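J.: predicted coordinates and the sequence they were generated for:
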Amino acid sequence: MFSLDWIYYAISWILLAWHGAWDRIGVPDGAVLGTNWTWILAIIFLVVTVRVILFPVFVKQIKSQRAMQALQPQVKALQEKHKGDRETLQKEMMELYKKEKANPLMGCLPMFLQIPVFLGLFHVLRRLDPDKSETGKTLYGWTVSQFESASSAAIFTAPIAGKFGSTAEELASLGADATTVKIMAGILVLIMMGTTYLTSRQMILKTGWAEDPQQRMIQRLMLYGIPLSLLISGAIFPIGVIIYWVTNNLFTLAQQQWVLRKFPPPPSVTAKSGSASTRNPVQPAKTGGLLGRTKPAAQVPAKPAAPKVAGPKPGAKPVNPKKGRPAKRQG
């Protein structure tokens, strides 16, 4: 069976390294405002470490998404050309992606690479049980003193190993108050949901909604489905894991803002909102009151009217319209 111990050792090493760094700097290890800041900062800078390592992958993700957006007209043309022939369509689309160096799977790669880190931290924090024997407190390279320090670490008196759905026995072993843990975990879960929604919304607003119905459905799932699912799954996340998730979301918001300015969306995406107005540039002028007036629409200049011929004055002799011919006599 495939072992994930290497992930647990790696996560533990990063956590312990940052905890030791903040301890040497002079950040108090004891509770200040009911919070052990050395461990909270260790979790926060675990996020920073992972995101710095994955930053080149994140940039490639943005570039791949830009390439995919630029290819949408060609993809749509292929769909119309090979309607009903799915095999040929898939083959030509893969050739198009290969030619233009666009990878449809690249958009999900950074998220998948962070899953092992999330699972590793989840597993490590679940193992923080002060009632364990001395031999159980040295797992994944931890010393007994480090294990006991992390087991008692809290944020505003709520243990980082506690969770909203903790049993009475688990809370008793952590020496925690059930009401405090539920309130703190509940607040952090709501923040986690909100920041998860904002990260998806930020990307969609900058890159635009996909024209393909399946991709649009995935975007809606990312925007609404995942945040709502956290309302249930968040109950089993240790508070330390929720802190990791919230910090990761805040880092993502800042990183996306920087990358989206560095690599702005293609003009075709930003111009979609104004395409409707360019189709019918000439609109009839609106009339109304002073508040409802608009600028008159551009009009084609009318042709000059033909000059009017003045009629004969009263009492004048009629003029013969035919020139050069004598008038016929009345016989």
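T.: Received, thanks.
J.: for the protein, what's the longest helix?
T.: Longest helix in the chain, counting residues (DSSP state H): helix 37-70.
J.: ok, residue 78 touching residue 89?
T.: Yes - counting by C-beta atoms under 8 Å, residue 89 is a contact partner of residue 78 at 6.1 Å. Heads up, the C-betas are built off the backbone N, CA and C, glycines and all.
J.: neighbour-wise, which of these two wins?
T.: A direct count of neighbours by other C-beta atoms under 10 Å for residue 78 and residue 89 places residue 78 higher, at 19 against 16.
J.: ok, the more buried one - contacts?
T.: 89, 92-93, 96 (C-beta atoms under 8 Å, 6 or more residues apart in numbering).
J.: excluding chain neighbours, what is closest to residue 253?
T.: residue 199 (5.8 Å; C-beta to C-beta, 6 or more residues apart in numbering).
J.: got the angle between whichever strand or helix holds the one you found and helix 37-70?
T.: If you go by DSSP states H and E, residue 199 is part of helix 178-207. Interaxial angle of helix 178-207 relative to helix 37-70 (axes from the mean of the first three to the mean of the last three C-alpha atoms, to 10 degrees): 30 degrees.
J.: tell me which stretches of the stretch 151-300 of the chain form strands.
T.: 154-155, 158-159 (DSSP state E, counting those that start in this stretch).
J.: my error: substitute the stretch 1-150 of the chain in the last question.
T.: Under DSSP E, counting those that start in this stretch, the stretch 1-150 of the chain gives no strands.
J.: was I right to think residue 48 contacts residue 251?
T.: Yes - between residue 48 and residue 251 there is a contact under C-beta under 8 Å: 7.0 Å.
J.: higher neighbour count, those two?
T.: residue 251 (17 against 13).
J.: not counting residues beside it along the chain, what's closest to the more buried one?
T.: Nearest one to residue 251, counting by C-beta to C-beta, 6+ apart, is residue 51 at 5.2 Å.
J.: got it, and residue 79?
T.: In this structure, residue 79 finds its nearest non-sequential neighbour in residue 89, 6.5 Å apart by C-beta to C-beta, 6+ apart.
J.: cool, and residue 30?
T.: Counting by C-beta to C-beta, 6+ apart, residue 36 is the residue found nearest to residue 30 once chain neighbours are left out, at 7.2 Å.
J.: show me where pLDDT drops low in the stretch 51-200 of the chain?
T.: Residues of the stretch 51-200 of the chain that meet the criterion pLDDT under 70 lie in 104-108.
J.: try it again with 80
T.: The model of the stretch 51-200 of the chain has pLDDT under 80 over residues 58-72, 79, 84, 98, 100-111, 133, 135.
J.: now do the contacts for the spatially most central residue of the chain.
T.: With distances taken as C-alpha atoms, centre = their mean, residue 200 lies nearest the centre of the chain, 2.2 Å away. Residue 200 is in contact with 219, 222-223, 226-227, counting by C-beta under 8 Å, 6+ apart.
J.: any of those residues buried? List them.
T.: Buried subset of the contacts of residue 200 (neighbour count, 16 or more other C-beta atoms under 10 Å): 219, 222-223, 227.
J.: and which of those is nearest to residue 111?
T.: Within the buried ones among the contacts of residue 200, distances to residue 111 taken as C-beta to C-beta reach their minimum at residue 222, with 9.5 Å.
J.: other residues contacting stretch 131-139?
T.: Contacts for stretch 131-139 (C-beta under 8 Å, 6+ apart): 8, 127, 129, 144, 147-148, 173.
J.: which of those residues are buried?
T.: Buried among the contacts of stretch 131-139 by 16+ other C-beta under 10 Å: 8, 127, 147, 173.
J.: how many neighbouring residues does the closest residue to the second one other than its chain neighbours have?
T.: The shortest distance from residue 127 to any residue that is not its chain neighbour, by C-beta to C-beta, 6+ apart, is 6.2 Å, and that residue is residue 139. Close neighbours of residue 139, defined as other C-beta under 10 Å, add up to 16.
J.: and residue 139, how far is that from residue 12?
T.: 8 Å (C-beta to C-beta, to the nearest Å).
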